[in-house]
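Asker: below is the structure, and that's it, no one-letter string:
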């Protein structure tokens, strides 16, 4: 069997590295950032109102009002480039639909100068959909050029409950950011 020359070996290594880089780039470009509420930070004003049940965040007992949690968003691309996310997806329960209770999720950014603002269009409101006793998954599409060098990002989730009946207890299970399809 004939051995490969140094230049042939180098060419094979370069080709293998290029294929790996393409695979990693494609994977990063179609990245998904998923957040479960139990891994997020609960606002100080919400501490006595909430409870976790597995991945579910909901109101404790007959508590009413607003529960606010914030989920940090990190860039899954190690190169700092725009992950191209354009979909905010929420898995939630809102039994009364457009009634008194609701779930909201808003993508926000904090600039290097400390200014917090909402990313335009990156807002989910459960009251825009019919209620259901079971879990629903819905999306809000938005267009934004992420810049992790100039901003930090987080998803602010709010559960709002005005009626203290157990059948009307809104909940959230997860939120995610992902690239708009097709991939």
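Answerer: In hand now; what should we look at? If you're wondering where the values come from, they're calculated on a predicted model, not measured in any experiment.
Asker: contacting residues for residue 134?
Answerer: residue 93 (C-beta atoms under 8 Å, 6 or more residues apart in numbering). For every residue, glycine as well, the C-beta is placed using N, CA and C.
Asker: end-to-end on stretch 118-136?
Answerer: Length of stretch 118-136, first residue to last, C-alpha to C-alpha, to the nearest Å: 24 Å.
Asker: in it, what counts as buried?
Answerer: For stretch 118-136, the neighbour count (16 or more other C-beta atoms under 10 Å) marks 119, 122-127, 129, 131, 136 as buried.
Asker: same thing with stretch 82-99?
Answerer: Buried residues in stretch 82-99, counting neighbours by 16+ other C-beta under 10 Å, are found at 83-96.
Asker: equivalent analysis for stretch 72-82, please.
Answerer: Of the residues in stretch 72-82, 73, 75, 77 count as buried by neighbour count, 16+ other C-beta under 10 Å.
Asker: what sits up against it?
Answerer: Applying C-beta under 8 Å, 6+ apart, the set of residues contacting stretch 72-82 from outside is 28-29, 31, 33, 35, 40-41, 83, 107, 145-149, 152-155, 177.
Asker: are any of those residues buried, and which?
Answerer: Of the contacts of stretch 72-82, these count as buried by 16+ other C-beta under 10 Å: 28, 33, 35, 40, 83, 107, 146, 148, 153-155, 177.
Asker: I'm done for today, thanks for sticking with me.
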